[in-house]
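sequence below, structure please.
(one chain, ligands or ions: 1)
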Amino acid sequence: MTVINRRTILQGAVAGAAMLPAAALRAAPAPAPVRAGGVAGDEAYWAEIAAQYDVTDAVIQLENGNWGMMSRPVLAAYQQMVAKVNRDSSFYARRGMGTDMVAVQDRLAGFLGVERDEIVLTRNATEALKALIGGYNRIRPGQAALYADLDYDSMQASLESAMTRRGARTIRIALPEPATWQNVIDAYAQAFEAHPEIKLVLLTHISHRTGLKIPVREIAALARVRGIDVIVDAAHSLGQVDFEIAGLGADFVGLNLHKWMGAPLGVGAAYIRKGRVSAIDPDIADENPGSGSIRSRVHTGTVDYAASLTLPAALDFQARIGAPAREARLRALRDRWVGQLRDLPGIQVLTPDDPRMHGGITSFRLAGRTSEAGNRALAATLLDRFGIFTVHRTGLASGACVRVTPTLFNSMADVDALADALRQIATAGT
Ligand SMILES: Cc1ncc(COP(=O)(O)O)c(C=O)c1O
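Okay, the predicted model is just below:
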């Protein structure tokens, strides 16, 4: 018989507080999706996946680009982790948690196929990209950094202020519309050619405005021969499309785990290719700036440790579906509604159909309706009349649009409802 007294409780607490069992960092506690993999159009399979998400039934949720919902198993793991971190507090933090956090980072490195010293956890892609853009120190007064209209607003702002501080300037281009594989490459090539002072380029792998996926590898290759460094904003691509960090051909990448990987809010990462860490200044708060470690490039202070510690559960959940199946499903949902509307007079789908140039996100507008107010009103009509939730986006050189972002819990019926609604709207011209 086990006698429960203060001593045994304490022993239990010590064992529990010291470190997470290795399995907690390896496997999600709740059941896996019923079957592994699954073809994109297998509604029964995807209904099993969807059943693992608690989704609002107030709307048809086609705005999943803001952040990604945690599946129920991941949410359960997170809740357990919140309870543990709260209960064991600094007793855990000062003893086992450091080792557990290293295990999480190692797990992420393995998942991404990079070395452990090439990746550091951040709270989000913004924090990662700010560290990379703000810390980039290979730029000299008189040199320039290039970005495009589709890049994320706060990354544009980061480049502007970082270049000002370094006595350099920015050059902005508008990506061609309609975009093609070649004309996007040409747009960057022409800018490189016209401005030999360019030393740094920001490339957004998948645009949050239109879902345009650009040929990062090809553009990075052009940059490399000119000695131009590349920072990739992969906030929207990790988990939406199947790619390898090394395949991007860039030395610096900012990532989100809380969008398409379904980790708790507050988990992102920065990648710096081995040998390039000195091109990024240490964080100004770092006490050991000479360490040469990627970890000295991001200094966050106290964070939601439970969120980071839940990352393995999120990776497990997504790994059971698999990146190719996930990408195929997102594309199938996208192609289904776009296929019904592409040739409809009155609807302008902005994102090309070339499969190399999109994932699951696609944006559209009513032909000629480019104002912010007009597209805000269109999203409101979709919501108020049809119960479909989307979002308007601005910042494209060509004007505003409405973005549609399906995710793993959406059904073909959801995107069919969108296509039906847009047919009615386009026909009525409202
Ligand atoms: C292209 C892009 N970059 C960066 C970010 C910033 O991500 P976060 O707000 O998670 O830091 C976003 C967010 O939507 C984005 O779409």
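
CA only for contacts and neighbour counts going forward, please
OK.

what parts of the stretch 1-150 of the chain come near the ligand?
Asn66, Asn124, Ala125, Thr126 (Cα under 6 Å from any ligand atom).

which residues touch the first one?
The one in question is Asn66. Lys259 (Cα atoms under 8 Å, 6 or more residues apart in numbering).

confirm it sits in a helix?
No: Asn66: not assigned to a helix; according to DSSP: H, G, I helix; E, B strand; the rest coil it is coil.

rewinding a little: what is the nearest of the residues of the stretch 1-150 of the chain next to the ligand to Ala47?
The closest of those to Ala47 turns out to be Asn66 (Cα to Cα; 22.6 Å).

distance check, Glu177 against Leu150.
11 Å (Cα to Cα, to the nearest Å).

got it, and Val82?
37 Å.

returning to what we had before: Glu177 and Leu150 - which one has more neighbours?
Ranked by neighbour count (other Cα atoms under 10 Å), Glu177 and Leu150 place Leu150 first, with 23 against 14.

the more buried one touches Pro176, doesn't it?
No: using Cα atoms under 8 Å, Leu150 is not in contact with Pro176; the gap is 10.3 Å.

tell me the SS of the closest residue to the ligand within the stretch 151-300 of the chain?
Taking Cα to the nearest ligand atom as the measure, the point where the stretch 151-300 of the chain comes nearest the ligand is His208, at 4.3 Å. Of the three states, His208 takes coil under three-state DSSP.

pull out the buried positions in stretch 269-279.
Residues of stretch 269-279 classed as buried by neighbour count (16 or more other Cα atoms under 10 Å): Ala269, Ala270, Tyr271, Ile272, Arg273, Val277, Ser278, Ala279.

that one: end-to-end distance?
Rule used - Cα to Cα; the end-to-end distance of stretch 269-279 is 18 Å.

and it, how far out from the chain middle?
Distance of stretch 269-279 from the chain centroid (Cα atoms, centre = their mean, to the nearest Å) equals 19 Å.

from Val39, how far off is Tyr45?
For Tyr45, the distance to Val39 equals 8 Å [Cα to Cα].

quick one, which of these two is more surrounded?
Tyr45 (17 against 14).

and that one, what element?
helix 43-50 (DSSP states H and E).

how about the strands in this structure?
60-61, 119-122, 144-148, 169-173, 198-204, 229-234, 252-256, 268-272, 347-349, 362-366, 388-389, 391-393, 401-404 (DSSP state E).

what's the neighbour count on Asp57?
8.

pLDDT score assigned to it?
We note a pLDDT of 93 for Asp57 in this prediction.

sorry, back to before: now the strands of the chain in TSV, with mean pLDDT?
Formatted as TSV, the strands of the chain follow (pLDDT from 0 to 100):
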stretch	mean pLDDT
strand 60-61	98
strand 119-122	98
strand 144-148	98
strand 169-173	98
strand 198-204	98
strand 229-234	98
strand 252-256	98
strand 268-272	98
strand 347-349	96
strand 362-366	98
strand 388-389	98
strand 391-393	98
strand 401-404	98
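
can you redo these as a markdown table with distance to Val241?
A markdown table is the format used below for the strands of the chain (distance: least, Cα to Cα, whole Å):
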| stretch | distance to Val241 |
| --- | --- |
| strand 60-61 | 20 |
| strand 119-122 | 20 |
| strand 144-148 | 21 |
| strand 169-173 | 25 |
| strand 198-204 | 14 |
| strand 229-234 | 10 |
| strand 252-256 | 13 |
| strand 268-272 | 17 |
| strand 347-349 | 20 |
| strand 362-366 | 14 |
| strand 388-389 | 23 |
| strand 391-393 | 21 |
| strand 401-404 | 16 |
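
figure out which of those is closest to Thr427.
Nearest to Thr427, of the strands of the chain and by Cα to Cα, is strand 347-349 at 9.7 Å.

what lies in contact with the closest one?
The contact list for strand 347-349 (Cα under 8 Å, 6+ apart) reads Val338, Leu341, Arg342, Thr362, Ser363, Phe364, Arg365, Leu366, Ala367, Ala426.

for those, which one is nearest Asn375?
Nearest to Asn375 among those, with distances taken as Cα to Cα, is Arg365, at 7.0 Å.

which residue packs closest to the closest one, ignoring adjacent ones?
Cys401 (4.9 Å; Cα to Cα, 6 or more residues apart in numbering).

partners of the one you found in the sheet?
Arg393 (DSSP bridges).

where does pLDDT dip in the protein?
The chain contains residues with pLDDT under 70 at 1-18, 22-38, 429-430.

can you give the domain ranges for it?
As assigned by automatic domain parsing, the chain contains the domains 100-316, 323-428.

these two touch, right, Ile231 and Val216?
No: with contacts defined as Cα under 8 Å, Ile231 does not count as touching Val216, sitting 10.1 Å away.

okay, and the common contacts of those two?
Joint contacts of Ile231 and Val216 (Cα under 8 Å, 6+ apart) are Leu203.

which parts of the stretch 201-350 of the chain sit against the ligand?
Residues of the stretch 201-350 of the chain lying close to the ligand by Cα under 6 Å from any ligand atom are Thr204, Ser207, His208, Asp233, Ala235, His236, Asn256.

all helices for the stretch 101-250 of the chain, in order.
For the stretch 101-250 of the chain, the helices defined by DSSP state H, counting those that start in this stretch cover 125-135, 153-165, 181-194, 216-225, 245-248.

of all these, which lies closest to Ser291?
Between Ser291 and the helices of the stretch 101-250 of the chain, the shortest separation by Cα to Cα is 15.4 Å, and it involves helix 125-135.
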